[in-house]
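>>> Sharing a model that was predicted from the sequence below.
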Amino acid sequence: MILFALFQATLVLELFLFLFFFFPTVVVYEKLTSRLSKNNALGVWIGSCTVDDNCGVCKDMTTEGGTIESPNFPNDYSSDLKCLYTIESPTDTKIELTFTQFIVENCCDFITVFDGESDPLQIALNGYQIPQVTTSTANKMTIKFTTNGDNTLILPANLSPGRWQAKYKFLAIESRMTVPLENATIAEL
């Protein structure tokens, strides 16, 4: 009887280990989509994207950038949200944010984009028109998404449901080389 119980426990443990190691996305998919920090093949850090739990996703991150989405995308986002997306790129880069879909309740829901963690405010957005491209001055950008308590969007059929998606891209910060004037040639200037 004891041997049979040990045999069953061993089988259950082996099954769990098999599922965990061969199908890790089944176990940790939600955590991976809300917090991304990537290294390249050489182990060099290439950037990160973090979102509050249950507040949308960061996905498709590569050495060039990635994607962020509203909660429940491509379906309606919910009411009373206070979501924070933090994107960080490698040193000596900046972040370009381009919205690909943008339907945000015109009166009471907002997306605010900060250059850095919280200051200065770069742009505040809502409405139904895709905004212009926004670029940070350094390697960190914060996007705050807030919705009011009544998220009963009354939208024309072609605009429903309320949702948004943005692609972010890492860009090199151009460095300016200084050439001393006394030793400069025309070609260097």
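Nice, thanks for sending it over.

>>> Return the set of buried residues in stretch 132-141.
Of all the residues in stretch 132-141, those buried under the rule 16 or more other Cβ atoms under 10 Å are 134, 136, 139-141. Every C-beta, even on glycine, is put in place using the N, C-alpha and C of the backbone.

>>> Looking at the residues you listed, which is nearest Ser89?
Taking Cβ to Cβ as the measure, Ser89 sits nearest to Asn139 out of the buried residues of stretch 132-141, at 4.5 Å.

>>> lowest confidence element among the helices and strands of the protein?
Across the helices and strands of the chain, the lowest-confidence element by mean pLDDT, DSSP states H and E is helix 24-34, at a mean of 34.

>>> where does this protein have low pLDDT?
1, 3-43, 151-161, 175-189 (pLDDT under 70).

>>> repeat that with 50
11-13, 15-34, 189 (pLDDT under 50).

>>> ranges for the strands of it?
Assigned by DSSP state E, the strands in the chain fall at 35-39, 45-51, 57-59, 65-69, 82-88, 93-103, 110-115, 121-125, 134-135, 140-146, 163-172.

>>> Just the CA atoms of the longest one, as CSV, please.
I take that to be strand 93-103. Listed next in CSV are the C-alpha coordinates belonging to strand 93-103 (Å, rounded to 0.1, in the frame of the first residue of the first chain):
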residue,chain,number,x,y,z
THR,A,93,19.0,55.2,-27.1
LYS,A,94,15.6,56.9,-27.0
ILE,A,95,12.1,55.6,-27.5
GLU,A,96,9.7,56.3,-30.3
LEU,A,97,6.0,55.5,-29.6
THR,A,98,3.6,55.1,-32.6
PHE,A,99,-0.1,54.3,-32.0
THR,A,100,-1.5,51.8,-34.5
GLN,A,101,-5.1,51.7,-33.1
PHE,A,102,-6.6,54.5,-30.9
ILE,A,103,-10.2,54.6,-29.7
